[in-house]
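Trainee: model the following, please.
(one chain, ligands or ions: 1)
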Amino acid sequence: MANSMEFSTKLIRETVAVDPQTGAANVPVYLSSTFHQKDFDHYGKYDYSRSGNPTREALENAIASLEGGVRGFAFASGMAAISTAFLLLSSGDHAVVPKNVYGGTFRILTQVLHRFGIEHTFVDTTDLDEVKKAIRPNTKVIYVETPSNPTLKVTDIRAISKIAKAHRCYTFVDNTFMTPVFQRPLELGADLVLHSATKFISGHSDVVAGLAVAGSEDLAGRLYFLQNALGAILGVQDSWLLLRGLKTLDVRIRKSAASAQKIAEFLSERPEVNNVFYPGLPDHPGSDLQLDQAGSGGAVLSFELENEASARAFVHHVTLPVFAVSLGAVESILSYPPKMSHAELSEEERIRSGIGDGLLRLSVGLEDADDLIRDFTAALASVRRNRRQTVGSGE
Ligand SMILES: *Cc1c(COP(=O)(O)O)cnc(C)c1O
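Mentor: Below is the predicted model of the structure:
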C-alpha cells in the first residue's frame, strides 16, 4: 500500500497525526524548552528542545518521508540549513558549485567558508564536462540547484550524482524551486536535499525556515550532530506552520505550475517580450531533462523586456502580483533580479549570467491564470505606450 500511494495521499498521511492522548487531529504545538525526566539514570526521548522537540520532529519526519530520505532536519532559515550542511566539510576540502547558485549560498562560500579553508570552484553545472574538470582530489561535494535562479537552467541530477559517486563525493541538491511534489533528488541518486521552506513549503509568505533531508544514516548522524551543535533550529510555532503549509503543497504548486505554463506560453507570443525562460516550454534547452526528472516546469518563470525602462513600466502597471523578493506563495510575486536577488553582481557578471536590464522573474501564485494574463496584457500595452513616448521625445 505504502508504495502504491499517490504523493498527495502520502502528503496528508505524513502531516496529519491524531494525538493519542486527546484525539486532536493535529500535532500539538509543544512550546517547551525542557522535558521532565522520570528516571534518575535513564532519560527519555526528549530532554531539551534544541536537541529535539516533538512538534519539530513531526515536521522533520514528514519531510524525510516525502523526499524519500532517512532523516529530516528543520532549521531557522534556508541559509541556516545550507550553512550547516556545508559544515560537514573541513578545512582543506573543496566543493564544486553552480555559477548561478542562490546569492546567500554564494555569499557564505566566498565570504565565510573561504576564511575557514573550505574551497570552491564555480562551474556551469549544466555542462557535465565542466563539472568533471573542476573535481580535485579534495573535492567532497558537488552542489546542484535546479532549475537555476532566475534563468531556469536545468541540471541533470542523475548524471551529477553518478559523477560524484565515481569520485567519492556527495551530491547536495537545493530543491527549493521544485519541492518533493515534482522532484525528489534522493531518488535520482543525490545524498542530501536542502530547502528554503520559506518558499513553496510554507507557501504563504509568513515563515522563514529551512529543511534538510539526508539519504543515508551516516550523513543523517553527522548532520544531526551539527544541527544540535550549531543550534540553528526552527522554532516550535514555525515548525507547526510549516506542517500546515505542507498539507496543501501538492494542490498549491500544481495549480501554480499549470498557470505558469499558460503564462509562459502567453508571454512567448508577445512582441514586447524578447525572451521567456521557463523549462516547461518545448524550445527551452533543458525542457526534456526537466520533464524527465521533475515532470513539470514548476511555478517560476522569468522573461525579458527590452530594457530597464520597459521593466519599470511593466512593474508600475501590473495590479495583481506583489513586487517583492521571494517566491512560492499564494500570491504571485514579481521581482526585478538586477536590483533585488542579483544586486550584488557587477554589471558585467550580471550580463554574463543572462540577467539583462529588462529581466523580470515571476513566481505564479493561486490567482486565476486568465486574470493574471489580462493584467499582464494591460501592463504590456503600457510598456508599448511608454516606448512610443520615449522614442517620440527623442531620448
Ligand atoms: C530563498 C532561497 C534560499 C535561502 O533561503 P532562506 O530561507 O531565505 O534563508 C536558498 N536557496 C534558494 C533556491 C532560495 O530561493
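
Trainee: burial count for residue 295?
Mentor: Residue 295 is flanked by 13 other residues according to other C-beta atoms under 10 Å. Where C-beta positions appear, they are placed from N, C-alpha and C, glycine not excepted.

Trainee: and stretch 229-247, how far out from the chain's middle?
Mentor: Taking C-alpha atoms, centre = their mean, to the nearest Å, one finds stretch 229-247 lying 16 Å from the centre of the chain it belongs to.

Trainee: what of stretch 34-45?
Mentor: 38 Å.

Trainee: residue 273 touches residue 304, doesn't it?
Mentor: Yes: assessed by C-beta atoms under 8 Å, residue 273 is found in contact with residue 304 at 6.9 Å.

Trainee: give the buried residues for stretch 129-141.
Mentor: Of all the residues in stretch 129-141, those buried under the rule 16 or more other C-beta atoms under 10 Å are 131, 134, 135, 139, 140, 141.

Trainee: so of those, which ones are in strands?
Mentor: Mapping those onto strands (DSSP state E) picks out 139, 140, 141.

Trainee: ok, the second one to residue 223 distance?
Mentor: What that stands for is residue 140. 14 Å (C-beta to C-beta, to the nearest Å).

Trainee: and if you look at the last one?
Mentor: Counting by C-beta to C-beta, the gap between residue 141 and residue 223 amounts to 13 Å.

Trainee: so what sits against both of those two?
Mentor: residue 88 (C-beta atoms under 8 Å, 6 or more residues apart in numbering).

Trainee: what are the buried residues along the lengthiest helix in the chain?
Mentor: If you go by DSSP state H, the chain has its longest helix at helix 369-392. By 16+ other C-beta under 10 Å, the buried positions in helix 369-392 come out as 369, 372, 373, 375, 376, 379, 380, 382, 383, 386, 387.

Trainee: which other helices and strands contact that helix?
Mentor: helix 249-268, helix 308-317 (3 or more C-beta pairs under 8 Å, 6 or more residues apart in numbering; DSSP states H and E).

Trainee: list the buried residues for the longest one?
Mentor: Of the residues in helix 249-268, those scored as buried under the neighbour-count criterion (16+ other C-beta under 10 Å) are 249-250, 252-253, 255-264, 266-267.

Trainee: confidence score at the residue of the stretch 51-200 of the chain found nearest the ligand?
Mentor: Using C-beta to the nearest ligand atom, the closest approach of the stretch 51-200 of the chain to the ligand is made by residue 78 at 2.2 Å. Per-residue confidence at residue 78 stands at 98 (pLDDT).

Trainee: how close does it sit to residue 380?
Mentor: In terms of C-beta to C-beta, residue 78 sits 33 Å off from residue 380.

Trainee: now the helices and strands packed on helix 369-392 in JSON lines, with distance to residue 105?
Mentor: Below are those laid out as JSON lines (distance: least, C-beta to C-beta, whole Å):
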{"stretch": "helix 249-268", "distance to residue 105": "22"}
{"stretch": "helix 308-317", "distance to residue 105": "25"}
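
Trainee: quick revisit: just the CA atoms of the longest helix of the chain, as CSV, please.
Mentor: Extracted as CSV, the C-alpha positions of helix 369-392 are listed here (Å, rounded to 0.1, in the frame of the first residue of the first chain):
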residue,chain,number,x,y,z
ALA,A,369,-4.4,32.4,-14.7
ASP,A,370,-6.6,34.3,-17.1
ASP,A,371,-6.9,37.2,-14.6
LEU,A,372,-3.1,37.3,-14.5
ILE,A,373,-2.9,37.2,-18.3
ARG,A,374,-5.4,40.1,-18.5
ASP,A,375,-3.3,42.1,-16.0
PHE,A,376,-0.1,41.4,-17.9
THR,A,377,-1.8,42.2,-21.3
ALA,A,378,-2.7,45.7,-19.9
ALA,A,379,0.8,46.2,-18.4
LEU,A,380,2.4,45.2,-21.7
ALA,A,381,0.2,47.7,-23.5
SER,A,382,1.6,50.3,-21.2
VAL,A,383,5.2,49.2,-21.9
ARG,A,384,4.4,49.8,-25.6
ARG,A,385,2.9,53.2,-25.0
ASN,A,386,5.8,54.1,-22.8
ARG,A,387,8.3,53.1,-25.5
ARG,A,388,6.5,55.2,-28.1
GLN,A,389,6.6,58.2,-25.9
THR,A,390,10.3,57.7,-25.2
VAL,A,391,11.1,57.3,-28.9
GLY,A,392,8.8,60.3,-29.6
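
Trainee: quick check, nearest of the buried residues of helix 249-268 to the ligand?
Mentor: For the buried residues of helix 249-268, the nearest to the ligand is residue 253 (14.1 Å; C-beta to the nearest ligand atom).

Trainee: next up, the contacts around that closest one.
Mentor: 179, 181, 182, 200, 298, 299, 328.

Trainee: of those residues - the most surrounded one?
Mentor: Counting by other C-beta under 10 Å, top hit in the contacts of residue 253: residue 299 with 32 neighbours.

Trainee: the least confident helix or strand in the chain by mean pLDDT: how far from the chain's middle?
Mentor: When the helices and strands of the chain are scored by mean pLDDT, DSSP states H and E, helix 347-352 comes last with a mean of 86. Mean-position distance between helix 347-352 and its chain equals 23 Å (C-alpha atoms, centre = their mean).

Trainee: next: stretch 9-21.
Mentor: Averaging C-alpha positions (C-alpha atoms, centre = their mean) puts stretch 9-21 25 Å from its chain's average.

Trainee: how long is that stretch end to end?
Mentor: One end of stretch 9-21 sits 25 Å from the other (C-alpha to C-alpha, to the nearest Å).

Trainee: which SS state does residue 95 fall under?
Mentor: Following DSSP: H, G, I helix; E, B strand; the rest coil, residue 95 is assigned to strand.

Trainee: could you say which helix or strand holds the residue nearest in space to the middle of the chain?
Mentor: Residue closest to the mean C-alpha point of the chain, counted by C-alpha atoms, centre = their mean, is residue 176 at 1.5 Å. Under DSSP states H and E, no helix or strand contains residue 176.

Trainee: report the separation between it and residue 24.
Mentor: From residue 176 to residue 24 the distance is 31 Å (C-beta to C-beta).
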